[in-house]
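> coordinates only, no sequence provided:
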């Protein structure tokens, strides 16, 4: 029986909102910004520093590290004590939190490499969400970004994810073989959620609460 849902996504596909609605529908815990906060606490990151963005950091750490720190529409995030906190340390903390969340079960985990960390768990259902560029642009603009910033985010965030996955998992992004389902979110949030739940029900042969 599935006790964990991981949602990997293209930037701007609406995954954060879809995951929130899905978690509410199931009565499960959502690990998205909560996961980021947990890692921030474990790493000793000042939340006020997290809110201050450096748009032009090109170091390997920030290029790889910002993949995890970006949630729905965040930018790359500087951290306090960066000398003692590199990307390797961050990935170890992320895996620790995700494995703990999966062990507790009844949770929806957004991004942060979750389908890679949990790929051997039979109780984890993995979904990849994508959308046409026009749909992603619409969603990012609706979230309050300027058109220039939205275009820049769409051009860079997923590129950073490709780099991260290649570096840490020696895999392509997305790794299609990991996912039970890949959905175009242009069909609408409710239809995406219904499709996820019905597919879970079909695969496990049991009723899923909707």
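Sure, I can see it. This structure is a prediction, so every number in the text was calculated from the model and none was measured.
> in this structure, mark out all the strands, start to finish.
Along the chain, counting by DSSP state E, strands occupy 4-9, 29-31, 107-110, 124-130, 181-184.
> which helices and strands sit right next to the last one?
Where contact means 3 or more CB pairs under 8 Å, 6 or more residues apart in numbering; DSSP states H and E, strand 181-184 is packed against strand 124-130, helix 189-204. Quick note: C-beta positions are derived from backbone N, CA and C, even for glycine.
> could you export these to a markdown table, including columns for distance to residue 13 and mean pLDDT?
A markdown table is the format used below for those (distance: least, CB to CB, whole Å; pLDDT from 0 to 100):
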| stretch | distance to residue 13 | mean pLDDT |
| --- | --- | --- |
| strand 124-130 | 5 | 98 |
| helix 189-204 | 9 | 95 |
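> what ranges do the helices span in this protein?
Ranges of helices in the chain, per DSSP state H, are 15-26, 33-43, 47-51, 60-69, 87-104, 114-117, 133-142, 147-169, 189-204.
> chain center to the fifth one: distance?
In other words, helix 87-104. Centroid separation for helix 87-104 versus its chain: 13 Å, with CA atoms, centre = their mean, to the nearest Å.
> what's the angle from that helix to strand 4-9?
Interaxial angle of helix 87-104 relative to strand 4-9 (axes from the mean of the first three to the mean of the last three CA atoms, to 10 degrees): 140 degrees.
> same list, the helices and strands packed on strand 181-184, but as a markdown table with distance to residue 19 please.
Below are those laid out as a markdown table (distance: least, CB to CB, whole Å):
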| stretch | distance to residue 19 |
| --- | --- |
| strand 124-130 | 9 |
| helix 189-204 | 9 |
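> single out the most deeply packed of these.
With neighbours taken as mean count of other CB atoms under 10 Å, the helices and strands packed on strand 181-184 reach their highest mean count in strand 124-130, at a mean of 23.
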